[in-house]
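Q: Just the structure for this:
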Amino acid sequence: MNFTALSGGIPIGGCHFVIELDGKRIAIDFGAVQRGRVIFAPPVASGHIDALLLTHGHLDHVGMLPLFLREHPETPIYSTKVTWRYTRMLLWDSFQIAAHKLARGEHVEISFSAAEITKSTSLKRFKLVHNSDWFSPWLGWKIRFRSSGHINGAATIDIVSPSGFRTIHSGDISFHNQPTIKGAKIADDFTSPELLIIEATYGDRDLPKREEENQRLVNKVIDVLNHDGKVLIPSFGITGPNVAVIVADGLAKAEVKVPVYIDGMIRTAARIINGSNEWSPNDNGLVFADKNIVIVPENKEEARYFREEIIDGGSAVIVSSHGMLEGGLVMFYLPHILTDYKSAILIPGYQAEGTGGKRLLELEKGSHFPINRRFYSISCEVERFHLSSHASGKELAAWISEVQPWQVVVTHATNSGFEGLKSKIKERQPSIRIIGGYNGQEIRNL
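A: Next up, the predicted model:
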């Protein structure tokens, strides 16, 4: 077995991995790399690729898919149906955002065409994985996708080659229940693999308990509403529905009758979750019924009046994309909330260096924040929360000690994330071989 992280290993970034085993070359993910406000593709695997396996539908895992297929037009793609739907949503959204920036006179590169998006997401290209059963893409091989608990459709991938070499690729993984998906579980029938490829986004740190952080968010929302303010929660399209349900449930429990509005790409994600068949026992898509959640209309004229009524009306909670304040419909609400001393912007997750969300967190009240070439004074509260759908280092080490792999390759990590997880694993299982999956370095003879 040979393994190469072309991108998204160490350091973290848009993911693209290649496994060479028993005469086959298998690629995993092909995501967008983000450096501040610049987004670009990772290096593309050269040579023949027998299959591309997609772990889940986040931008850093699928965001440059058309460019992979430009180089590998015959390679079949395996993913769950939800991941396929998220991939289409993200690719079209990226294309439209870039087109809008060009129309405003901004310098931006469009990485792929509309025709390439259509071709690369065709069901002639995708081979959908409908459940968590084993399947055989080639004679003597077995592959299985099972829920990683990260987002809907996200998979941990088990691989067994004809020689009997067993590999687990964790994908991005979480062990905490969310409204639309339950946390990952141990596969009792697949322990002691020869190799575990593990993400370590937070390998060097502990995270706040998810249930306590959820309640802290709800409490803050209630506090702002009690002072007649509005709450804006910039969220990624795919995680936004879970954030909206957490807040809506918290308000209902506290008997606060203020609606939670969802806008932007989150609307599409909610429809995907609500309209997709469950592919694993961990999926729970039908959670939106009877919630005090209002979806902003898709029709442009209706939506414009709807948004103006939200801004001109009383207290409200708005969950809108983009999660890093880098475009999207959140930018419509941002100037109104930012300049209102009674209101608050609550940041629920990770903010990359150089993004609008990161800059906002670093600024103090009274500072000026740029929005579409204008500057607005920060009068509202701004607060960060840690609603991560990644496992902490302690949780990963505990999971690894139960899986009992012979060797571990750490990916999707900073240097400190790798060293932190390595230390935690060694405390529990000193005999496990632990290797850093550094970008561009082939690891041979695993």
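
Q: When you work out contacts or count neighbours from here on, use the C-alpha atoms and nothing else.
A: Will do.

Q: Strands along the stretch 301-446 of the chain, start to end?
A: With strands called from DSSP state E, counting those that start in this stretch, the stretch 301-446 of the chain shows them at 316-320, 344-347, 368-371, 374-377, 381-384, 407-411, 433-436, 442-443.

Q: Near Glu301, how many residues? Count them for me, please.
A: Residues lying near Glu301 (other CA atoms under 10 Å) number 9.

Q: on that earlier part again, relative to Asn292, which of the strands of the stretch 301-446 of the chain is closest?
A: strand 316-320 (10.8 Å; CA to CA).

Q: and the closest one, C-alpha only, in CSV?
A: Output of strand 316-320 as CSV, limited to C-alpha atoms (Å, rounded to 0.1, in the frame of the first residue of the first chain):
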residue,chain,number,x,y,z
ALA,A,316,-35.8,38.2,14.6
VAL,A,317,-33.2,35.5,14.1
ILE,A,318,-31.6,35.1,10.7
VAL,A,319,-29.4,32.2,9.7
SER,A,320,-27.9,32.9,6.3
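
Q: Roughly how far does Lys291 sit from Glu211?
A: 19 Å (CA to CA, to the nearest Å).

Q: Secondary structure class of Ile97, three-state.
A: Following DSSP: H, G, I helix; E, B strand; the rest coil, Ile97 is assigned to helix.

Q: how far away is it from Ser111?
A: Using CA to CA, Ile97 is found at 12 Å from Ser111.

Q: before we move on, the earlier item: most packed of the strands of the stretch 301-446 of the chain?
A: Of the strands of the stretch 301-446 of the chain, the one with the most neighbours on average (mean count of other CA atoms under 10 Å) is strand 316-320, at a mean of 27.

Q: Next up, the contacts around the residue of the chain positioned farthest from its centre.
A: Among the C-alpha atoms of the chain, the one most distant from their mean position (CA atoms, centre = their mean) is that of Ser163, at 33.8 Å. The contact partners of Ser163, taken as CA atoms under 8 Å, 6 or more residues apart in numbering, are Asp22.

Q: per-residue confidence at it?
A: At Ser163, the predicted lDDT confidence score is 98.

Q: let's have the chain start at 33 instead
A: Renumbered: residue one is now 33, and that last one reads Ser195.

Q: what's the helix or strand for it?
A: Under DSSP states H and E, no helix or strand contains Ser195.

Q: Give me the phi and psi for it.
A: phi -80, psi -10 (degrees, to the nearest 10).

Q: that older thread, including distance to Arg391 and mean pLDDT, could the strands of the stretch 333-478 of the chain go into CSV?
A: Formatted as CSV, the strands of the stretch 333-478 of the chain follow (distance: least, CA to CA, whole Å; pLDDT from 0 to 100):
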stretch, distance to Arg391, mean pLDDT
strand 348-352, 18, 97
strand 376-379, 12, 97
strand 400-403, 8, 92
strand 406-409, 13, 94
strand 413-416, 11, 96
strand 439-443, 27, 98
strand 465-468, 31, 98
strand 474-475, 36, 98
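
Q: Nearest to Gly359 among the ones you listed would be which one?
A: strand 400-403 (9.5 Å).

Q: Next up, the contacts around the nearest residue to Gly472 once chain neighbours are set aside.
A: Leaving aside its sequence neighbours, Gly472 sits nearest to Leu38 (CA to CA, 6 or more residues apart in numbering; 4.9 Å). Contact analysis of Leu38 by CA under 8 Å, 6+ apart lists 47-50, 74-77, 471-473.

Q: Which one of those is nearest to Gly272?
A: Out of the contacts of Leu38, the member with the shortest distance to Gly272 (by CA to CA) is Cys47, at 22.2 Å.

Q: what's near enough to touch Glu333?
A: Contacts of Glu333 by CA under 8 Å, 6+ apart: none found.

Q: Please report how far the nearest residue to Trp438 once chain neighbours are set aside lies from Ala302.
A: Leaving out its chain neighbours, the residue that sits closest to Trp438 by CA to CA, 6+ apart is Glu226, at 5.0 Å. Noted for Glu226: a distance of 38 Å to Ala302, by CA to CA.

Q: ok, the two, which is more surrounded?
A: Ala302 (24 against 18).

Q: That one contacts Ala276, doesn't it?
A: No - Ala302 is not in contact with Ala276 according to CA atoms under 8 Å; the separation is 9.9 Å.

Q: Mind telling me what element Tyr110 is part of?
A: Counting by DSSP H and E, Tyr110 is part of strand 109-112.

Q: quick check: mean pLDDT across that strand?
A: On average, strand 109-112 scores 97.

Q: Given it, what are its sheet partners and their directions?
A: If you go by DSSP bridges, strand 109-112 pairs up with strand 83-85 (parallel), strand 158-161 (parallel).

Q: Determine which of these approaches Glu394 most closely.
A: Closest among the strands paired with strand 109-112, using CA to CA: strand 83-85, at 37.7 Å.

Q: Now find how far off-centre the helix or strand following that closest one is within its chain.
A: Per DSSP H and E, the first helix or strand lying C-terminal to strand 83-85 is helix 91-94. Its chain's average C-alpha position is 8 Å from that of helix 91-94, according to CA atoms, centre = their mean, to the nearest Å.

Q: same question, stretch 196-206
A: 18 Å.

Q: Understood, closing this out.
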